[in-house]
Every structure is written in C-alpha cells, then in structure tokens.
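Engineer: Everything below, folded, please.
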Amino acid sequence: MNIISCNTVTPEQAHKLNPSLPFWFDPVWMNSLAELHKLTPQVLVCYKNDNPAAFLPLYIKSFITLKKTYNPTLSYYSPLVFLLPVRKQANRELLLEYEITKAMGKFLHKSFKRVVLNLDPGVFDIRGFKDAGLKASPHYTFIRDLTARTDFFSSEMKKLRSAEKEGYEFNSEFNPGRLLELVFGMYDRKAHPFPFEQKDLLDLILKLYKAGLVEQYNTFKEKRIVSSIMILVGNDKTCYGWLTASEPAHMQKGASLYLFRELFKVLAERFDAFDMCGANSRGPSRLKAALGAELKLFFQIGK
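Structural biologist: Residues are numbered from 1 along each chain as shown. Down below sits the predicted model:
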C-alpha cells in the first residue's frame, strides 16, 4: 500500500532532496525570479512512503490569511518532475503518477485561494489534478528537434539567402545591455510596456549568468548587435528561448533568421531540443513554424 503525502519546502531544501532537478528548481533561478516578481518561492514535494516522488515549483503571494500561486511572467513553465523507479509494467507507473498528481491537486486546492501553474509539455496526464477539483486548459508552444534535419520554409530560405549577402556575423558575446535595448525598443514600438524596469531585469540576467543558467547569442553587422537572443540552459537536454529581439530594419533583411540558423547549429552540439516558449501570437507562431519547430501541447492548471 502506498502512503502519499505532500508538503512545501524551500528551493534549497528541494535541491538537497534531489540535486539533479532541472534548472527550473535551481535556488538561484527561483529566488531571483521570485524577488523580481515580489513572490515567495517554494517547492511542492510529494512523498511516497516518506520518499520524495515528485516535485513542483511554486511562486506564492500571501494576502493576510489568503495565499495564491502564480506562474511568473518570465518563467514559461512550472514543470512537474517525477522521481520514480522504472517499472516493468508501465501502467503501474501511470497509476502511481495519477495518485501523486491527485494528492498534489488536493494540497493545492486546500492551501491556495488561487492557483496558476504551467506544466511543461512532458506532462500530458492531468486527470489527477482535475479529479482533485482543479481546472486544466490547453496551451501550446513550438519545439525544434535539434537531432533531426528540418528545413526552413522556402520563403524563409529565400530571405536567408539575402541575409547571407548582408555580411552578418554570429557570436556568443554576453552583452545583456544591448539585448535589453532591443527588447524594450520592441515593446515600445508595440505601445505595450514591459512589466519590469530595465535595470531590474539586467540585475536578474547577471545573477543567472553568474550561475550558468543563461547564454546569449547574436547577429552582428559592422561590429554592432542587430539581433539577439537569451536562452535558458540547465542540466537536461532541452534549452529554452527566453528573450529575443532585433532591430526592425535588420529583421526585414533576415538578421533574425540568420541568428536562428546559426543558433540551431551550436545548440545541436549539446542539446536535443529547443523550446521556443510560445505559440499564441499569430506572427511569432508563423515564424516558429517556418523555422521547422513542431507544435506541442502543455496544460495550465488553475483554480
């Protein structure tokens, strides 16, 4: 008989329980992100017979006696990670995962007035959360398989050939200030203010860079960064597109296409997949599909 129980611990305590957790649980990542969003980081741990069996990162805000969980703007996922031995009969593992997610769902339903959690695409069985009284809604992202050759759409290839004539260069110079100039310029053009101050976001990036959790890649023209991307990296085989922007004139000339083509080559040396983190806006979604990424489903758990 399995005895299932749940409690919350700090990111540091979760790391001690399982040092191999993905970077979404890294204390530097969780604490820095929570500080920027003015939230409290916690990790929900589910135990099977007193042994840690599953982990789920939480970002919490308290209002007197009420507590709510949030999925921070700058954290695309709150991944659910199971720590279970592989069984000969896969369905036994499936049943245990259901018991665990139902226990976690009951804990969340009882402990929080509001719940918002984006599970990652690796978790498709959300029956336990629903049976515990929570809601689940489908969301989408695009993921590029870095282990297989996937061609760009013909229209993008045509623009890419034009970009090659522009004399663009690619490198991994860490220059977050220039990246943020491009990002905030993009938001200004859309008349949609970025939710954080530029200096605060820069402080976050510097903390993450020092911890080895972010990398920057750029397209240069005449020694000037005209397109740039910051990716999230960790100890698993998937990396994530986090912040990216280009100068409008150079984007029209294919600078961002050139950036992604060279980026995929570099990432394929270390990773199996690149999650482009999003598939909701029409324009970006079309571009991600044109770059050979596949549409993937994930679920948002809510109350």
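Engineer: I'd guess L33 is in a helix, am I close?
Structural biologist: Yes - L33: assigned to a helix according to DSSP: H, G, I helix; E, B strand; the rest coil.
Engineer: ok, for F107, nearest residue in space, not its chain neighbours?
Structural biologist: Nearest in space to F107, with sequence neighbours left out and distances taken as CB to CB, 6 or more residues apart in numbering, is C6 at 4.2 Å. C-beta here means a position set from N, CA and C on the backbone, and glycine is covered the same way.
Engineer: What residues are bridge-paired with that neighbour?
Structural biologist: C46 (DSSP bridges).
Engineer: was I right about it contacting L44?
Structural biologist: Yes - using CB atoms under 8 Å, C6 makes contact with L44 at a distance of 6.2 Å.
Engineer: Between those two, point out the one with more neighbours.
Structural biologist: More neighbours surround L44 than the other of C6 and L44, with 23 against 20 (other CB atoms under 10 Å).
Engineer: thinking the more buried one is in contact with Y59, fair?
Structural biologist: No - judged on CB under 8 Å, L44 makes no contact with Y59 at a distance of 11.3 Å.
Engineer: got the residue ranges for the helices in the stretch 101-250 of the chain?
Structural biologist: Secondary structure of the stretch 101-250 of the chain, counting by DSSP state H, counting those that start in this stretch: helices at 127-131, 154-165, 176-189, 198-210, 248-252.
Engineer: I'd like the next helix or strand past the last one.
Structural biologist: Same thing as helix 248-252. helix 255-267 (DSSP states H and E).
Engineer: That next one to helix 154-165, inter-axis angle?
Structural biologist: With axes from the mean of the first three to the mean of the last three CA atoms, to 10 degrees defining the directions, helix 255-267 sits at 90 degrees from helix 154-165.
Engineer: elements contacting helix 255-267?
Structural biologist: Packing partners of helix 255-267 (3 or more CB pairs under 8 Å, 6 or more residues apart in numbering; DSSP states H and E): helix 154-165, strand 169-171, strand 214-221, strand 224-232, strand 238-246, strand 273-275.
Engineer: how about 7 Å then?
Structural biologist: Packing partners of helix 255-267 (3 or more CB pairs under 7 Å, 6 or more residues apart in numbering; DSSP states H and E): helix 154-165, strand 169-171, strand 214-221, strand 224-232, strand 238-246.
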